[in-house]
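1. give me the fold of what follows.
(4 chains)
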Number of protein chains: 2
Amino acid sequence: MKLAEAKQQFIQNWGVLGTQWGINRTMAQIHALLLVSVEPMSADEIMAELQISRGNTNMNVRELMDWGIVEKILKPGERKEFFTAEKDIWIVAMRIIKERKRREVEPILNVLDQLKNVEADKNDKEAKQFVSMISDIQKFSAQASKGIDGMVKMDEHWFTGTLLKLFK
Amino acid sequence: MKLAEAKQQFIQNWGVLGTQWGINRTMAQIHALLLVSVEPMSADEIMAELQISRGNTNMNVRELMDWGIVEKILKPGERKEFFTAEKDIWIVAMRIIKERKRREVEPILNVLDQLKNVEADKNDKEAKQFVSMISDIQKFSAQASKGIDGMVKMDEHWFTGTLLKLFK
DNA sequence: TTTATTTTTCAGTAAATTTTGAAAGTTCGA
DNA sequence: TCGAACTTTCAAAATTTACTGAAAAATAAA
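-> Numbers count the residues shown, from 1 in each chain, chains lettered A, B, ... in the order given. Okay, the predicted model is just below:
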C-alpha cells in the first residue's frame, strides 16, 4: 500500500470513530491529518488535503487547540500560521479524558448534587432509591475521576519516556 | 424539591450528557427513567413519561437491551412487556465500556493493522513516522483494552458486593 | 498610511440524525 | 381460526448539527 493511500484510510477511519464518540467528523480528521504529518501544516494545506472550506478549517483547528492537542507554530519569515499535533498518544488520550471530564461530566455532577435535596420521607421507597442512585453515580464518578487525575498527574515526561516505552 | 421534579431534571441532564458522548438523547433519557424507576415500566408508561412516540420508544428500548443495560420483564397474567434497568452503576459502566470497545474501537484497530503494510523505505521519514504512529495507537489501545478486560472480568458480584461498598 | 495577505466570523444552506405515526406483523386467548 | 392486544417496521417529516463562502477584521510589510 502506498503511504498517501494509507494516510487517507487512517484519516477517514479516525473521522468515523470521532463521530461515534460525539466529536465532529472534520475535527477528528484534521487531528488525524496532523498526527501523521511530520511537518506543521498551514490552513491552506489542510483545506486542500481534506477538501473542506476555510471557515470549517479555522473553527475546528481552534477547537483542537482548545483541547490542548494541537498547537500553532510560527515559522520565521512566513506570514502564514502552521499547526502541529501532539504526537505522544498517551498524552493525547489523557488530555482528552481530562478535558471531557471538566467540560461535560463535572457540570452534571454539580446538578446531581442539587437533586439529592429531594423531600425524602423515610418511608418513601421511590425517593430513597432515587437518592441512592444519584449518590452511586457521584461516588462512581468521584472514583473514576480520582483515578484519571492520578494518571494525568504523573510526571508526563517520565511516564512517556519510561512506562510507555516498556510496551513499545 | 419534589421527587417528580428531581427525576425530570435527572432525565434531562442525562439526555444532554448522552448526546455529548454520541448517544442519542432519547436513549439516554429512557435509560435514566428506568434507572430511577423502582418498578419495571411498559412501553406505554415510557411514552407517556417522556412524551415520545411508540416507534421511538420501541427502537431505543431495543438498543438499550442490545447494550445489555436494560432487560425485558414479563409479568404473569400481563400481556404487555415491561422493562427494567441494571441498577448497579459499576456494572452499567463496565458493560458500556466493553461494548463500545467491541463495536467501535476493535473494527478500527483491525483497519490500522492493515495500514502498517505501507511501502516502507528505510530512508522515508514520513513513512517511518506514519507506521510508528499507527503502532503507538495500537499499543495504547491494547494496554487500555487489557486494563478494561481485567476490570470487567473480576467476578462482578464480588466486586459489587465488596469493593463498591467500600466507598459507599 | 496604504495595501496586500491572512485569519475570523456568521448567516444561510446542506447534510445527517432523530422522531413520528400509520401500516404490517406477531402473539395468544377464546 | 378469529380477532383483540400489543410490538415492530420504516418512509416521510422534523430537528439538530455541520459546512460553506463571502464579508469583516486583523496583521504586517511597504
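2. give me the nearest residue to the residue in chain A that chain B sits nearest to, chain neighbours excluded.
-> Chain B sits closest to A:G22 of chain A, with a gap of 3.7 Å, by Cβ to the nearest Cβ. In this view, the C-beta of every residue, glycine as well, is placed from N, C-alpha and C. Distances taken as Cβ to Cβ, 6 or more residues apart in numbering or on different chains place B:G22 nearest to A:G22, at 3.7 Å, with adjacent residues excluded.
3. where does the one you found land in three-state SS?
-> Secondary structure, DSSP: H, G, I helix; E, B strand; the rest coil: B:G22 is coil.
4. show the backbone phi and psi for it.
-> Reported as degrees, to the nearest 10, the phi and psi values for B:G22 are phi 80, psi 20.
5. and it, how many neighbours?
-> 15 (other Cβ atoms under 10 Å in any protein chain shown).
6. so who does the residue of chain A closest to chain B touch?
-> A:G22 is in contact with B:T19, B:Q20, B:W21, B:G22, B:I23, counting by Cβ atoms under 8 Å, 6 or more residues apart in numbering or on different chains.
7. nearest residue to the third one in space, please, no chain neighbours.
-> Spelled out, it's B:W21. A:G22 (4.9 Å).
8. TSV for the contacts of A:G22, including pLDDT?
-> What follows is the contacts of A:G22, written out as TSV (pLDDT from 0 to 100):
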residue	pLDDT
B:T19	96
B:Q20	96
B:W21	96
B:G22	95
B:I23	96
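9. between these, identify the one with the most neighbours.
-> Neighbour tally across the contacts of A:G22 (other Cβ under 10 Å): the maximum, 23 neighbours, falls on B:I23.
10. for it, give me its contacts.
-> Contacts of B:I23 by Cβ under 8 Å, 6+ apart are A:G22.
11. just the buried residues of the helix ranked longest in chain A, please?
-> Counting residues, the longest helix found in chain A (DSSP state H) is helix A:125-153. Across helix A:125-153, burial judged by 16 or more other Cβ atoms under 10 Å in any protein chain shown covers A:126-127, A:130-131, A:133-134, A:136-138, A:140-141, A:145, A:152.
12. check which helix or strand covers the most centrally placed residue in chain A.
-> Nearest to the mean C-alpha position of chain A, by Cα atoms, centre = their mean, lies A:I96 at 2.8 Å. Using DSSP states H and E, A:I96 falls within helix A:89-100.
13. that helix: how far from the chain's middle?
-> Using Cα atoms, centre = their mean, to the nearest Å, the mean C-alpha position of helix A:89-100 is found 6 Å from that of the whole chain.
14. what's the answer for stretch A:47-66, then?
-> Centre-to-centre, stretch A:47-66 and its host chain are 16 Å apart (Cα atoms, centre = their mean).
15. is chain B contacted by that stretch?
-> No - Stretch A:47-66 lies out of reach of chain B by Cβ under 8 Å from any Cβ of the partner chain, never closer than 13.7 Å.
16. which residue does chain A have closest to DNA strand D?
-> A:G55 (1.9 Å; Cβ to the nearest atom of the strand).
17. which residues touch that residue?
-> Going by Cβ under 8 Å, 6+ apart, the list of residues near A:G55 is empty.
18. that one belongs to a strand?
-> No - according to three-state DSSP, the state of A:G55 is helix, so it is not within a strand.
19. roughly how far does it sit from B:M41?
-> 46 Å (Cβ to Cβ, to the nearest Å).
20. what does A:K122 give?
-> Distance of A:K122 to B:M41, given as Cβ to Cβ: 25 Å.
21. name the residue in these two with the higher neighbour count.
-> Neighbour comparison, A:K122 and B:M41: the larger count goes to B:M41, with 22 against 6 (by other Cβ under 10 Å).
22. and that one, its phi and psi?
-> With angles defined as degrees, to the nearest 10, B:M41 shows backbone torsions of phi -120, psi 150.
23. just to check, it is in contact with B:F82?
-> Yes - counting by Cβ atoms under 8 Å, B:M41 touches B:F82, with 6.2 Å between them.
24. how about the residues of chain A that lie near DNA strand D?
-> Contact residues (Cβ under 7 Å from any atom of the strand) of chain A with DNA strand D: A:24-27, A:51-56, A:59-60, A:79.
25. widest-spaced pair of the residues you listed?
-> Maximum pairwise distance in the residues of chain A next to DNA strand D, criterion Cβ to Cβ, is 29.8 Å, between A:R25 and A:R79.
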